[in-house]
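Peer 1: Would you be able to build a 3D model of this:
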Amino acid sequence: MPSYRNRRRQMTPLLCVVVAAAALVLTAQPAAAQAFAAAKASLSGYSQARIPPRVSCQTLGQYTAKDLLSLSANAVPAASGVPAHCRVTGMLAPEIAFEVSLPERWNGRFYMIGNGGHAGESLEDPMRVSQRNAALRAGFAFAQTNTGHDARKEPGASFVMSNPAKAIDYAYRAVNLTAVTAKDITQAYYKQGISYSYWNSCSNGGRQGLVEAERYPQDFDGILANSPWVDQTGFTIGALWNQRALDAAPLSAAKLALLAKVVMDKCDALDGLKDGQIDDPRRCTLNVKTDVPACAAGTDTDTCLTSAQAEAVEKIYGGPVRDGRHIFPGFMPGSEVLWMNFITTAQPGRKAADFNLAEGTMRYLVPTPPQPDYDYRMFDFDRDPPLLEAWGKLVNATNPDLSRFRHKGGKLMMTYGWADPVLQPLVGVHYYEQAVSRNGPDTSQFFRLFMVPGMSHCGGGVATDRFDAVTALVDWVEKGKAPESMRAARVVNNQEVRSRPLCPYPQVAHYQGHGSIDDAANFRCAAPGGS
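Peer 2: Prediction:
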């Protein structure tokens, strides 16, 4: 496991974090990003859907294929702005539920989304239905899968208890098999080949997208991997590390707010602007024990950190250590208010979201056979990391060799929030840097990373988190226009309050010295330290 070292942000009402915590960890799509929002400005004109079906919807119910256990096709009338479409649902062996929905007028393109957390979502989940409807409105054939299990019946990672093969389906097989099957059904309906295929998803769905690029480069022409769960096993060790630190010294919401204020006061203006966000938290040098008010011996109030609490915070920033060496990144300065319910919890006995995912992985996916009663307190950080290596070879998206994807003309975009409290932002940065090292200095010709200052997991935070990376990706794939920047907005109470350009890493947005700092027109992308 590679050696890493490091550290981020502040949000608005903590209540928003509490309400959104579980949903964000499990989301497969950026909550605030706006897929297809810029469709009318697209160079490819992808929203011009004119291709009609060549067979009836009912005919697709007779479609057969290897691994196909069941299939049904139903004509869905137009409603609420969603065009009439043929909705095909089925089951692939052993238990992979999937859907492909085909609009009455097709744009010739295929679009698929992924899954959050340990997957198993219902195909009728409201967030997934919303994404399906948006794709259909834009004229895409849409596909999705539950990766081979129903989380309502088999919560978390417990699905392997009924069939160990489901672990492989979850890790990589289900997405590939669904993509192949759904594309075949699409072509059978329109009697025409698919012009381009796209993937767009977040979190575990981002991991799935990277796995597709690494393992199955023929499946998609364009892949948008948002806040990807690049290294599931490294994350698991990190979450156990944080939980053990917090077991010894819990942190209240008030203490996190105190910490966040200290960080913002110290680091906000490092980029030259005092604007309530930290553009690159790696520049924020924080000494928790000296910069944050320390509680007097024997006291513990909301206005200070005890020495044990300060040590816990340093462990969360630093990441897990093995034999005195940092083996996985920690979280960034500036993300502290967002830690509540993701990294820590205010309710005794309740599990934070990150730890809940990690514990499920350790109990069901790492050991063979599963150990449902595994006690995380038994994990030895010097001795036990190798226990996760076998599962990591199946599930992790850490292979930077993207030569096959590049050779077939694929384009990959990755986004990550610098204030992500679920998945460590530096994992995305390190993956991109490793990809550049492996694929050459011209890697940006097919792969670009966009880091979003102040953004939480898949959206939210204090960030300009509304942006349409899908249209940028489509124009890159189809028209060769690489995204030099993306306009992003922050919206509060349905009003845009700030816009900024998002820049391809390692470039950052530089203020030009005149005009509003809330207007993207007054910034330009340049190398760090440039102007």
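Peer 1: Tell me which helix or strand the nearest residue to Lys481 once chain neighbours are set aside sits in.
Peer 2: Closest residue in space to Lys481, ignoring its immediate chain neighbours: Asp475 at 4.7 Å, by Cβ to Cβ, 6 or more residues apart in numbering. Heads up, the C-betas are built off the backbone N, CA and C, glycines and all. Using DSSP states H and E, the secondary-structure element containing Asp475 is helix 469-479.
Peer 1: quick one: stretch 462-482 to chain centroid distance?
Peer 2: On the basis of Cα atoms, centre = their mean, to the nearest Å, stretch 462-482 is displaced by 16 Å from the centre of the chain it belongs to.
Peer 1: Show me what counts as buried in it.
Peer 2: Across stretch 462-482, burial judged by 16 or more other Cβ atoms under 10 Å covers 462-478.
Peer 1: With stretch 523-531 instead?
Peer 2: For stretch 523-531, the buried set under the neighbour-count rule, 16+ other Cβ under 10 Å, comprises 523-525.
Peer 1: Please list all residues in contact with Leu388.
Peer 2: With contact set as Cβ atoms under 8 Å, 6 or more residues apart in numbering, Leu388 has these partners: 233, 236-237, 366.
Peer 1: So which of these sit within strands?
Peer 2: Restricting the contacts of Leu388 to those inside strands, with DSSP state E as the criterion, leaves an empty set.
Peer 1: surely Ser485 meets Pro504?
Peer 2: Yes: A contact is recorded between Ser485 and Pro504 when judged using Cβ atoms under 8 Å, the distance being 7.5 Å.
Peer 1: Overlap of the contact sets of those two?
Peer 2: Common neighbours of Ser485 and Pro504, using Cβ under 8 Å, 6+ apart, are Cys525.
Peer 1: Give the burial count for Gln187, as a bare number.
Peer 2: Residues lying near Gln187 (other Cβ atoms under 10 Å) number 14.
Peer 1: Next, the contact list for it, please.
Peer 2: Contacts for Gln187 (Cβ under 8 Å, 6+ apart) come out as 193-194.
Peer 1: ok so, going back, alpha carbons of whichever helix or strand comes after the helix holding Asp475, as CSV, please.
Peer 2: Past helix 469-479, heading to the C-terminal end, the next element that is a helix or strand (DSSP H and E) is strand 486-492. Output in CSV follows, covering the C-alpha atoms of strand 486-492 (Å, rounded to 0.1, in the frame of the first residue of the first chain):
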residue,chain,number,x,y,z
MET,A,486,-16.2,24.5,-16.3
ARG,A,487,-18.4,27.2,-15.0
ALA,A,488,-19.7,26.3,-11.5
ALA,A,489,-22.2,28.0,-9.3
ARG,A,490,-23.3,28.1,-5.7
VAL,A,491,-27.0,28.3,-5.2
VAL,A,492,-28.7,29.3,-1.9
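Peer 1: can you map out the strands along the stretch 251-400 of the chain?
Peer 2: Assignment of strands within the stretch 251-400 of the chain using DSSP state E, counting those that start in this stretch yields the ranges 321-322, 325-326.
Peer 1: Check what pLDDT the most centrally placed residue in the chain gets.
Peer 2: Compute the mean C-alpha point of the chain, and by Cα atoms, centre = their mean the closest residue is Ser203, 2.5 Å away. On pLDDT, Ser203 comes in at 98.
Peer 1: these two touch, right, it and Ala225?
Peer 2: No: taking contact to mean Cβ under 8 Å, the distance of 9.7 Å between Ser203 and Ala225 leaves them out of contact.
Peer 1: quick one: contacts for the residue nearest to Lys481?
Peer 2: Asp475 touches 42-44, 481, 483, counting by Cβ under 8 Å, 6+ apart.
Peer 1: and those, which are buried?
Peer 2: When these are checked for burial by 16+ other Cβ under 10 Å, the buried set is 42, 44, 483.
Peer 1: check contacts around the last one.
Peer 2: It refers to Pro483. Taking Cβ under 8 Å, 6+ apart, one finds 413, 448, 450, 469, 472-473, 475-476, 504 in contact with Pro483.
Peer 1: if you set the cut-off to 10 Å instead, what comes out?
Peer 2: Applying Cβ atoms under 10 Å, 6 or more residues apart in numbering to Pro483 gives the contacts 411, 413, 448, 450, 469, 471-473, 475-476, 502-504.
Peer 1: which one of those is nearest Gly139?
Peer 2: Out of the contacts of Pro483, the one with the shortest distance to Gly139 is Thr471. That distance is 13.1 Å, counting by Cβ to Cβ.
Peer 1: per-residue pLDDT, the nearest residue to Gln309 once chain neighbours are set aside?
Peer 2: Spatial nearest neighbour of Gln309, chain neighbours left out: Ala249 (4.5 Å); criterion: Cβ to Cβ, 6+ apart. Among the per-residue scores, Ala249 shows a pLDDT of 96.
Peer 1: I figured Ala249 hits Val288, correct?
Peer 2: No: taking contact to mean Cβ atoms under 10 Å, the distance of 11.8 Å between Ala249 and Val288 leaves them out of contact.
Peer 1: Between the two, which is the more surrounded one?
Peer 2: Under the neighbour definition other Cβ under 10 Å, Ala249 and Val288 were set side by side, and Val288 has more, 21 against 18.
Peer 1: for the more buried one, what are its contacts?
Peer 2: For Val288, the contacting residues are 259, 262-263, 294, 305, 309-317, 333, by Cβ under 10 Å, 6+ apart.
Peer 1: got the angle for the helix holding Asp475 vs strand 486-492?
Peer 2: Helix 469-479 and strand 486-492 meet at an angle of 170 degrees, taking axes from the mean of the first three to the mean of the last three Cα atoms, to 10 degrees as the criterion.
Peer 1: Now do helix 469-479, average pLDDT.
Peer 2: So the average pLDDT for helix 469-479 ends up being 98.
Peer 1: just stretch 53-60 next, same as before
Peer 2: In the prediction, stretch 53-60 has an average pLDDT of 97.
Peer 1: next one: stretch 370-377
Peer 2: Confidence over stretch 370-377, taken as the mean pLDDT, stands at 97.
Peer 1: among the buried residues of stretch 523-531, which are in strands?
Peer 2: 523-525.
Peer 1: want to throw the residues you listed into JSON lines with pLDDT?
Peer 2: Shown next, in JSON lines, are those (pLDDT from 0 to 100):
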{"residue": "Phe523", "pLDDT": "97"}
{"residue": "Arg524", "pLDDT": "97"}
{"residue": "Cys525", "pLDDT": "97"}
